[in-house]
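Visitor: Quick one: sequence and predicted model below, then my questions.
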Amino acid sequence: MQIPLDKNKGAQILAQSLFKDLRGNGYSAHQILGLTTELIDLVTQALRETLAVRQSELEIQAQAPPQ
């Protein structure tokens, strides 16, 4: 799945703005990296949960008798 270019640009702008705000509020690069790691962990967990639900749905469909 590809994200349209304008959404990629929006994400880039948001990231730059967030980084600038965090640095401006005294966060170190190390602290920002820690935050980034936590965000990646949360996204990874959400993707795994979504995948598990989809796999369960496919297994249920596969077990259902043909119509």
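Guide: Nice, I can see it.
Visitor: use CA for all of it now, contacts and neighbours both
Guide: Fine.
Visitor: Point out where this structure drops to low pLDDT.
Guide: 1-5 (pLDDT under 70).
Visitor: Would you map the helices across it?
Guide: Secondary structure of the chain by DSSP state H: the helices cover 5-24, 29-63.
Visitor: so can I have JSON lines of those showing mean neighbour count?
Guide: Shown next, in JSON lines, are these (neighbours: other Cα atoms under 10 Å):
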{"stretch": "helix 5-24", "mean neighbour count": "12"}
{"stretch": "helix 29-63", "mean neighbour count": "12"}
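Visitor: Now do the most centrally placed residue in the chain against S28, distance only.
Guide: Nearest to the geometric centre of the chain sits V43, at 3.6 Å (Cα atoms, centre = their mean). In this structure, V43 and S28 are 23 Å apart, going by Cα to Cα, to the nearest Å.
Visitor: same check, this time on Q63
Guide: 53 Å.
Visitor: and if you look at L42?
Guide: From L42 to S28 the distance is 21 Å (Cα to Cα).
Visitor: again with Q16
Guide: 15 Å.
Visitor: can you check A15 too?
Guide: Counting by Cα to Cα - A15 and S28 are separated by 16 Å.
Visitor: again, but for D6
Guide: 30 Å.
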